[in-house]
Every structure is written in structure tokens, then in C-alpha cells.
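Student: my questions are about this predicted structure, shown below with the sequence.
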Amino acid sequence: MAGEIHDDERGLGPLLWPNQRPLVPPRELWVGPQDPFVHFVRWMWEFRAYLILLCELGSDSSVLELGCNHGRTMLGLVDYLRPPGSYEGLDIMPAQIAFAQQRIQAAYPHCRFTLADIYNQIYNPNGRLRADTYVFPYPDARFDVAYAASLFTHLTPAAASNYLHQTRRVLRPGGCALFSFFVLDHYRGPGTSAWEGYEFNHALPGHDDVAVYNPAMPEQIIAYGSGAIARMAEAAGLRVERILPGFWSATHPRSLNEQDLVLLRAA
């Protein structure tokens, strides 16, 4: 059942406040249903720290999460944000958004979730809309901060470019965006990554500085060179301020998140 801490997880129960436990979805809604409980919990505290330290997220900030899933990264924000502070989550997966609306949004009205009915071969095969033309359902200059965990790692260039433009539109001037990527500059070839799935040995036809794991399904996992990211960001009115390396590539003596974190600023 949702919110139930199972016997093999009870020793990790203190990693959640009591009011957060009912917000944990059943495992069939997890990104990795077989993941250890600590792997689920780490997302929320990691991204709370990233957003505060890197984006200066305040308790009165308005924040947008793209690819929010069932709310796995934002549970650490439900008590941190206080009105007029607010959270909006956007995702293409109907079951996960329905859970978040019923459990999280119902208990915390300043945290809202919206389904984007975008077609995706893996996650929403019945979707009616296209990622490369989708318009975020928010007014201009609505948010102080936008972030996404493992979203741009599944967006092909046209979709990624559109999402960057939409992000800039809904960010206030000077607003901050924190997006995770696989930065192709950090890839050293077959057998060098932390996991065999993090290999990008196939150039994406027609795109310089972009490579994929599976050429038959590019959006499965995709990597962008830092130059490609900077060009797309600049075209959207965003500036790359910093790239913090992740441990996926096993090439850095110091790393932060599993994926690389790209910090951008709205012009």
C-alpha cells in the first residue's frame, strides 16, 4: 500500500518525517521497483540541498519541476515551501500524476501536479501531443526556479530545445534552472562508465555533439556535449553558469549527483 514502510525498510523509516510516509507511492509506480528504499529516499534530500545551495531556493520561492514523476524528488519541499512559496510538477505519466494529485496535492494545496499528455513510446504511448511543440501550461515569468532530474537525458534535440525555450518563458528574469544531463565530454568510451547502460557509442544522425545508447530508440538514454547544451541554452535565452560532474562517467575525482548537473540562469 502507498505510504506503508515494509519490514525490510523499517530501519530506514527515520529518513522520512511521519507526514511524508503516506506520500510514498506503491513500488509499482517507482522508477526502479526493485530499488532499495534508501535509493528512493535519497532523491528528495539530494534535490532539496541542490536547490537551496545552487539555486538559492527560499521558502517563499515558486518552483517548477519538469518530469516530476510521482513527486519523488519534491517530498523534502512539502514542509520547506510556505505560501506564497509554491511547487508545480509536470509529467507525462498518468498513473504517477494521479497518485501525486490524490496524495500530495490533496494534503498540500501549495504543491500542484499537472499531466502533460505528450506522446512517448516508453512512458505515454497514448499521448496526443508532441514534446517539440508542447507549450507549458503556465504564464510567462511565473517561477523563480525550475529543475528536472533525469528528463533531458531522455529528450531528443528538438524536444530539449523546446523545453529550454519554455523554461525561459516561465522563469522570471534572473531565475535559475537546474537540469541533469549526461554531458558527452565526460564519456571515455566502452567499459569506462559506472554502468554499462551509460555508454554513448552512437552519434545521433544530423546532430553534432550528441550521442545515444540505443540508436533504434534515441530517447532511451541520450548525451549532449557541453557545446550543444550551451548553444541550445543561449538560443532559449538561458546562460550556462556551471556544470557539476556526476559519477556516472567514473572520470572525476569529485562528483555530486549520479548525472551531471547543469546550472542555468535566465537572461
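Tutor: Structure's in. What do you need?
Student: and Trp17, how many neighbours?
Tutor: 12 (other CB atoms under 10 Å). Where C-beta positions appear, they are placed from N, C-alpha and C, glycine not excepted.
Student: secondary structure class for the closest residue to it other than its chain neighbours?
Tutor: Spatial nearest neighbour of Trp17, chain neighbours left out: Asp79 (7.1 Å); criterion: CB to CB, 6 or more residues apart in numbering. Assigned with DSSP: H, G, I helix; E, B strand; the rest coil, Asp79 falls in the coil class.
Student: from Ser86, how far out is Asp79?
Tutor: According to CB to CB, to the nearest Å, Asp79 and Ser86 sit 14 Å apart.
Student: check Tyr50 too.
Tutor: 19 Å.
Student: same check on Asn162?
Tutor: 24 Å.
Student: just Arg239 next, same as before
Tutor: Arg239 is 25 Å from Ser86, by CB to CB.
Student: between the two, which is the more surrounded one?
Tutor: A direct count of neighbours by other CB under 10 Å for Arg239 and Ser86 places Ser86 higher, at 21 against 13.
Student: where in the stretch 51-200 of the chain is pLDDT low?
Tutor: Within the stretch 51-200 of the chain, not a single segment meets pLDDT under 70.
Student: strands of that one, start to end?
Tutor: For the stretch 51-200 of the chain, strands defined by DSSP state E, counting those that start in this stretch occupy the ranges 62-66, 86-91, 111-115, 143-148, 171-181.
Student: now those in a markdown table, with distance to Ala266?
Tutor: Below are the strands of the stretch 51-200 of the chain laid out as a markdown table (distance: least, CB to CB, whole Å):
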| stretch | distance to Ala266 |
| --- | --- |
| strand 62-66 | 12 |
| strand 86-91 | 17 |
| strand 111-115 | 21 |
| strand 143-148 | 9 |
| strand 171-181 | 4 |
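Student: nearest to Glu28, out of those?
Tutor: strand 86-91 (16.2 Å; CB to CB).
Student: quick one: list the elements packing against the closest one.
Tutor: strand 62-66, helix 94-100, strand 111-115 (3 or more CB pairs under 8 Å, 6 or more residues apart in numbering; DSSP states H and E).
Student: what about the closest residue to Ala211 other than its chain neighbours, how many residues close to it?
Tutor: The spatial neighbour of Ala211 that comes closest, neighbours along the chain excluded (CB to CB, 6+ apart), is Phe200 at 3.8 Å. Applying other CB under 10 Å, we find 21 residues neighbouring Phe200.
Student: show me what contacts Phe200?
Tutor: With contacts defined as CB atoms under 8 Å, 6 or more residues apart in numbering, Phe200 is in contact with 182, 184, 187, 211-213, 221-223.
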